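Q: I would like the atomic coordinates for the input below:
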Amino acid sequence: MKSIYINTVMFFLAFTFIVNAQNSLSGNVSGGKTGEVLPAVDIFIRELQHGVVSDMDGNYSFTNLPEGNFTLQFSYVGYKTEVKNVNIKSGKNELNAVLEPTRLEIGEVVVLGNSVLNKEKVPYKVEVASAKDLRYNGMVTLTQTLAELPGISSLSNGLAISKPVIRGLYGYRIATVLNGVRFDNQQWQEEHGFGLEEVGVDRVEVIEGPAALLYGAEAIGGVINLLPERSAPVGRILGNYNLKLFSNTLGAYSELGFKGANQKINWQLHVGGQSHADYLDGKDNKVPNTRFLTLNANGMFGYFYDWGFSNLDYIFAHNVYGVVEEADLNNPEDLAEDHFEREFEGPHHTIDYHIISLRNTFFAGASKFKLDLGFQNNHRQEQEGAQDVAAVGDAGELDIILNTFTSNFEWIHQLTQSLELTVGAQGNIQNNENDGGRILVPNADMIEYSGFTYLKENFEKLNVETGLRYDFKTVKTEMMPATEFSAEMLPIDNEYSVLNGAIGASYNFTGNFTGKLNFATGYRAPNLAELASNGIHEGTTRYEIGNSELKSEHNYQVDAGIIFQAENFSADINYFYNSVNNFIFLNPTGEYQSENRIYRFMQDNSLLQGGEVSLDYNPADLLDLSVSYSTVIGKKENGSYLPFMPADRITGKVKFNIPDWAAFYNFSFFVSGDHYLRQTKTAAEEDSTNAYTLINAGIQSSFTIWNNPVNFSIVAANLFDEYYISHLSILKPLGVHNIGRNITLSIDVPFSLQ
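A: As a prediction, the model looks like this:
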């Protein structure tokens, strides 16, 4: 295996002799209706991670560009984002752009694999949480922000321990990509959270549906792709400070970032963190041990050659999450504790991770070559807390280290002006090692590798994507001796292989209507907990037993959608049909081990289907109305329902854009509501939940201090203090209610040092 990586690296180093001429690209950007020039337009070449802004006359220019095919993205507030393809040839090149004004947030650009496309051209469903959403929506965690999007929910254990649910699927059925590297946060248990925050993140793109062709295994339900902040325009050094204060948790979030770029170098540095006390429910009852703390830092250094570029990224995070257990809910000491208390004396998880990635792109005529290498160290510790240390001692602590090395090689070749071919290979090597007395999963070595080919045809009205991918995975575990908390775990030596494919198209029938149809397959091998568990699951009353004979999950999904877009109205209607073979789930056996109920991991074919409808209407510049509806039904082959299927949801929002007043500008006010219907489509022994409605309201505006803009927002989430239990709360069997009213003050200060 090592020789493969060495040969791959040497193969790419052979391209370093390619040096192109001093090529340039320039042009002018204007408005569509009036033809007026547009200053300060953001122009970005995604393939090069290189950007500039237009001058006061609407002119822009890039220098020292390699030859090849590139995608330019033109973005300007109040105008539809424009994506243009350009073939850079030797010497001077020219490309002008005309942007169309719009009241709607349409024309949004998404980054999928090697493609940069307008959202409406993608054959499948993609939702986007922008930097504005991340900073000003008033939510406490990133998962809460994503759960505001149609088709996406949140499976939670308290507040911070949560993970996104895409159309009814979550955990290892959702692939998470961070800086181009597939992220593994050991989500093999329901109370293992997502573990990522928005520090240094520009936007989050969510693919709803299998995307194995582009992103590999564990993309049965979809992909969450966290895109880093874009590089600064050439010749600029920019900074940003963001502060959030939260009333319910008495919490604070702070982030400071800097970035700069010249013709050869671009760099970024971000640091941030947050601290929260226990949250209060809708009746001001404190929920003990829902406190959490996170510290984050990331940096990037990029160098731009005449023949390509390289980016070196480093990410660090330290997370501590309190874990709610039944004994704590009725403990007088915990209930009487001061609300501001932040010490972790009870059960809690500590998760540290380091991610290093090297992203390289090389250009040679009509071809691009990508080589991405990554290393992750994920260290998870689960402490029972000072209250229980005498009972369990060090032997009761879970301590697991997961090391992951990833590689991705792609050759992208432009066959014709509209036809692009991608051929690639990916590798993933993991080592799991226990260093604590409590064993939930065994020591293991896992190796994955794959080969794929992908073809994309992009006409003016028709966009077609298709491809095939082969994946192979081995899982080898060590024999683990019995402990006080688990029985003996026998060694496992399993192999899994599968062929996946996808074909999809979008077609613009008229200027207003675009239709989409996509068929795709996905695959997921059983995780270590599903294969080898044989012990007490702390924090629950379950004794879990794995099954080493489990087969890999494999699904087939059809997506169909239609988009209508006019100047002041848009509609997006989507339907999906997702058939999952060998769906893995925990099943109660009716037996007991001491006081703990015995559950076994089992399989059954399953079917999930549903869809989303989103409408957006802007009757005037001062008013924006939007509404959406999401539904999903999940059943096993025998007709019984799957557990943790999100309740149907109706979301509405009214936003008023208020004219500038005194020193304030970009002033807006909104009221939104989320109505969750009663959920009675439940699995065996799963509780149903009642309907409830959450009302949110907020204002946002900007003002200037010392020539620097200051953006702020005040948002009240759950304005009327609704007392409710989410159907996707793991704590609902304990009667624990979700967070009550929370008022968030956000202040964002962008500044320039040059």
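Q: What strand or helix carries Gln73?
A: Element membership for Gln73, per DSSP states H and E: strand 68-75.
Q: Mind giving me the packing neighbours of that strand?
A: strand 42-45, strand 82-88, strand 97-99, strand 367-383 (3 or more C-beta pairs under 8 Å, 6 or more residues apart in numbering; DSSP states H and E). The C-beta positions use only the backbone N, C-alpha and C, and glycine is treated the same way.
Q: Run a quick neighbour tally on the residue nearest to Thr102 when sequence neighbours are not counted.
A: Leaving aside its sequence neighbours, Thr102 sits nearest to Lys80 (C-beta to C-beta, 6 or more residues apart in numbering; 4.7 Å). Using other C-beta atoms under 10 Å, Lys80 has 19 other residues around it.
Q: Over to Lys80: give its phi and psi.
A: phi -70, psi 130 (degrees, to the nearest 10).
Q: Next one: it from Arg135, what distance?
A: In this view, Lys80 and Arg135 are 23 Å apart by C-beta to C-beta, to the nearest Å.
Q: what do you get for Glu82?
A: Using C-beta to C-beta, Glu82 is found at 25 Å from Arg135.
Q: now do Arg167
A: As judged by C-beta to C-beta, Arg167 and Arg135 stand 27 Å apart.
Q: same question, Asn547
A: For Asn547, the distance to Arg135 - C-beta to C-beta - is 45 Å.
Q: swap in Ser726?
A: Ser726 sits 24 Å away from Arg135 when distances are taken as C-beta to C-beta.
Q: Could you do Arg524 as well?
A: From Arg524 to Arg135 the distance is 33 Å (C-beta to C-beta).
Q: Which one of these two is surrounded by more residues?
A: Higher neighbour count among Arg524 and Arg135: Arg524, with 29 against 21, using other C-beta under 10 Å.
Q: what's that one in contact with, if anything?
A: In this structure, Arg524 makes contact with 172-173, 217-218, 220, 552-553, judged by C-beta atoms under 8 Å, 6 or more residues apart in numbering.
Q: can you check Lys89 too?
A: Neighbour list for Lys89: 23, 67 [criterion: C-beta under 8 Å, 6+ apart].
Q: cool, Leu402 as well?
A: Leu402 makes contact with 184, 186, 376-380, 430-433, according to C-beta under 8 Å, 6+ apart.
Q: Remind me which helix or strand Thr350 belongs to.
A: In the assignment (DSSP H and E), Thr350 maps to strand 348-364.
Q: Packing partners of that strand?
A: strand 181-183, strand 308-322, strand 367-383.
Q: switch the cut-off to 6 Å
A: Judged by 3 or more C-beta pairs under 6 Å, 6 or more residues apart in numbering; DSSP states H and E, the packing partners of strand 348-364 are strand 308-322, strand 367-383.
Q: Please state the mean pLDDT value computed over the longest one.
A: When you say that, I think you mean strand 367-383. Mean pLDDT, strand 367-383: 92.
Q: cool, the shortest one as well?
A: Strand 308-322 shows a mean pLDDT of 93.
Q: Next secondary structure element downstream of it?
A: Heading C-terminal from strand 308-322, the first helix or strand you meet, by DSSP H and E, is helix 326-329.
Q: Return the set of buried residues in that following helix.
A: Residues of helix 326-329 classed as buried: 328-329 (neighbour count, 16 or more other C-beta atoms under 10 Å).
Q: likewise stretch 474-490?
A: Going by neighbour count (16+ other C-beta under 10 Å), the buried part of stretch 474-490 is 475, 477-478, 480, 483, 485-487, 489.
Q: thinking again about what came up before, any idea which of the helices and strands packed on strand 68-75 gets closest to Glu637?
A: Between Glu637 and these, the tightest spacing by C-beta to C-beta is seen for strand 367-383, at 34.3 Å.
Q: Other residues contacting the closest one?
A: Residues outside strand 367-383 that contact it (C-beta atoms under 6 Å, 6 or more residues apart in numbering) are 12, 180-181, 186, 348-362, 397-413.
Q: Of those residues, keep whichever come out buried.
A: Going by neighbour count (16+ other C-beta under 10 Å), those have 180-181, 186, 348-353, 355-357, 359-362, 397-413 buried.
Q: Give me the most central residue, this protein.
A: Central residue of the chain (C-alpha atoms, centre = their mean): Ile224, 3.0 Å from the mean position.
Q: so what's it bridging to?
A: Beta-bridge pairing for Ile224 (DSSP bridges): Thr176, Val206.
Q: And for stretch 258-273, what's in contact with it?
A: Residues from elsewhere that reach stretch 258-273 (C-beta under 6 Å, 6+ apart): 64, 199-200, 231-232, 234, 237-239, 255-257, 294-304.
Q: Buried only: go through these for me.
A: For the contacts of stretch 258-273, a burial check counting by 16+ other C-beta under 10 Å picks out 64, 199-200, 231-232, 234, 238-239, 255, 257, 294-300, 302, 304.
Q: Which of the helices or strands spans Leu117?
A: Assigned by DSSP H and E, Leu117 belongs to strand 115-118.
Q: how far is that strand from where the chain is centred?
A: Chain-centre distance of strand 115-118: 18 Å, with C-alpha atoms, centre = their mean, to the nearest Å.
Q: The residue nearest to Glu478 when sequence neighbours are not counted: what's it in contact with?
A: Leaving out its chain neighbours, the residue that sits closest to Glu478 by C-beta to C-beta, 6+ apart is Asn443, at 4.3 Å. Asn443 is in contact with 433-434, 478, counting by C-beta under 6 Å, 6+ apart.
Q: how deep is Leu517 tucked in, by neighbour count?
A: Using other C-beta under 10 Å, Leu517 has 16 neighbouring residues.
Q: no, scratch that, I was asking about Glu612
A: Neighbourhood size, Glu612 [other C-beta under 10 Å]: 24.
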